[in-house]
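[1] Turn this into a structure:
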Amino acid sequence: MTPLLRSHGYTVTVAGNGREALDAFERERPDLVILDLGLPDMDGSEVCRRVRERADTPILILSARGVEKDKVAALDQGADDYVTKPFGPEELMARVRAALRRSLGREGTLHGQLTRGDLTIDFDRRRVHRGELEIRLTPKEFELLTLLVTHAGRVLTHRTILKAIWGTHGIDQPEHLRVLMGQLRKKIEPDPAGPRYLLTEPWVGYRFADEPD
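    Here you go, the predicted structure:
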């Protein structure tokens with residue numbers, strides 16, 4: 001992986017374990033952290049948590065663990081993306097580019113307009129258009145769309161979304177999110193059964209496509 005990254009012009013610092021990784025992070029403050037969960041001295045999710053406590057640096061998890069609970073744990077600890085081994089070099093580089101793009105454009109509050117494909121979102125006026133058609137969203141639908149767009153390309157777990165929209169009392173009511181997502185897809189997706197904007201990470205959560213097809 002290191003030769004691949006360097007061949008694309010990236011400067012790479014390699015750490016052999018979790019403690020070395022945390023020391024290197026404090027010393028160099030990289031633009032991106034690529035982290036394996038299987039470290040010899042501590043679990044990678046713990047490294048992820050400690051990095052996230054210090055900075056908003058994007059974290060890309062690489063792991064042979066494809067189990068749902070491992071993905072959810074890493075994402076809940078602050079990871080931006082999760083790639084299961086084995087993966088192709090082009091997929092990895094696409095994920096790296098997307099993570100860096102999101103980091104450079106990250107803002108606390110979205111303003112103005114955002115256009116993705118034929119979808120235009122006006123955050124100041126709280127209006128959404130698909131082509132020339134204005135789509136009327138409920139406040140909750142717009143809140144869900146804004147939350148996902150704010151983290152475009154990043155998988156948000158069900159728990160994260162439920163807490164953000166309904167508060168801590170909504171964490172144990174995932175059916176609310178399923179219904180709301182279904183309503184939103186029917187309004188903004190050209191084909192709700194084959195969404196291009198609001199994508200599902202099975203059993204984990206949802207993400208807004210950074211580059212819709």
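[2] domains in the protein, as residue ranges please.
    With domains defined by automatic domain parsing, the chain comprises 2-104, 113-208.
[3] separation between the residue nearest the centre of the chain and Ala79?
    Closest to where the C-alpha atoms of the chain average out (C-alpha atoms, centre = their mean) is Arg154, at 1.0 Å. As judged by C-beta to C-beta, to the nearest Å, Arg154 and Ala79 stand 9 Å apart. For every residue, glycine as well, the C-beta is placed using N, CA and C.
[4] before we move on, what about Val14?
    According to C-beta to C-beta, Val14 stands 19 Å off from Ala79.
[5] same question, Glu20
    Per C-beta to C-beta, Glu20 is found 19 Å from Ala79.
[6] between those two, which one's more packed in?
    Ala79 (25 against 14; other C-beta atoms under 10 Å).
[7] what helix or strand does the more buried one sit in?
    According to DSSP states H and E, Ala79 maps onto no helix or strand at all.
[8] those helices in the chain, which residues are they?
    Listed in chain order, the helices of the chain (DSSP state H) span 2-7, 18-28, 44-54, 68-76, 89-104, 139-150, 158-166, 174-188.
[9] who wins for proximity to Trp203 among those helices?
    The closest of the helices of the chain to Trp203 is helix 68-76. By C-beta to C-beta, the value is 4.5 Å.
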